[in-house]
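Asker: build me a model from this:
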Amino acid sequence: MSTGGRGPRIGVLALQGDVREHARMLEALGASVSLVRRPTELAAVDGLVLPGGESGVIDRLARITGLREPLREAIAGGLPVLGTCAGMILLADRLLDGTPGQETFGGLDATARRNAFGSQSDSFETDLEIPALGPPAVRTAFIRAPLIEELGPRARAVATLPDGRLVGAEQGSVLGIAFHPEATGEQRFHRRLLERVRAR
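Answerer: The predicted structure is shown next:
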């Protein structure tokens, strides 16, 4: 499935998770959206969103569908990528508290911790100042969210909670955030992805 838009062709990894919410936001910004379930579909996109969901399930399905290695190669090759929540986990080079055998796609010099805030009932929303985006503050939704426990020298912090915990980072054309902008109607992260695609 792809939309008829004439903007950059952005893929949304459609193995599991909140795929349609990201697709709708990208379409509203003028992108041509493709749902990516196969390596051939990945090869046809100019940028990619890794959505929230269950990171262990997405990892397992990526292996089954033959997408895991093409994803790793595309990200390493500079494909612009936005990862939200589980997507951020999958972008991290290192993972704590993963499911048995779980691996990541990599691309972000960071150590992520799954479900760092607890269960679904511990989900919350808050406003964060994110200098890279400028004002106004970003309304963020944390839903069984991860944290970045450690950031390596190749990546830089993008978003932190008031207590200093790190919830967003970027490295080159890769941006990973622990929250769900598609749940609060925040478009600036998706705009940032489109800007990087156009710059490439």
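
Asker: could you export the longest helix along the chain as PDB, CA atoms only?
Answerer: For the chain, the longest helix by residue count, based on DSSP state H, is helix 188-199. C-alpha atoms of helix 188-199 as PDB (Å, rounded to 0.1, in the frame of the first residue of the first chain):
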ATOM      1  CA  ARG A 188       7.900  18.400  14.300                       C
ATOM      2  CA  PHE A 189       9.800  15.100  14.600                       C
ATOM      3  CA  HIS A 190       8.200  13.900  11.400                       C
ATOM      4  CA  ARG A 191       9.000  17.200   9.800                       C
ATOM      5  CA  ARG A 192      12.600  16.800  10.900                       C
ATOM      6  CA  LEU A 193      12.700  13.400   9.200                       C
ATOM      7  CA  LEU A 194      11.300  14.800   6.000                       C
ATOM      8  CA  GLU A 195      13.900  17.700   6.100                       C
ATOM      9  CA  ARG A 196      16.700  15.100   6.300                       C
ATOM     10  CA  VAL A 197      15.200  13.100   3.500                       C
ATOM     11  CA  ARG A 198      15.100  16.200   1.300                       C
ATOM     12  CA  ALA A 199      18.600  17.200   2.300                       C
END
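
Asker: run through the chain and note the low-pLDDT ranges.
Answerer: Counting by pLDDT under 70, the chain contains low-confidence ranges at 1-6, 119-121.

Asker: so how far is the longest helix of the chain off the chain centroid?
Answerer: 13 Å (C-alpha atoms, centre = their mean, to the nearest Å).

Asker: check which residues of that helix are buried.
Answerer: 189-190, 192-194, 196-197 (16 or more other C-beta atoms under 10 Å). Heads up, the C-betas are built off the backbone N, CA and C, glycines and all.

Asker: and these as JSON lines, adding distance to residue 128?
Answerer: Supplementary listing: the buried residues of helix 188-199 in JSON lines, determined by distance: C-beta to C-beta, whole Å:
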{"residue": "189", "distance to residue 128": "12"}
{"residue": "190", "distance to residue 128": "17"}
{"residue": "192", "distance to residue 128": "15"}
{"residue": "193", "distance to residue 128": "18"}
{"residue": "194", "distance to residue 128": "21"}
{"residue": "196", "distance to residue 128": "21"}
{"residue": "197", "distance to residue 128": "24"}
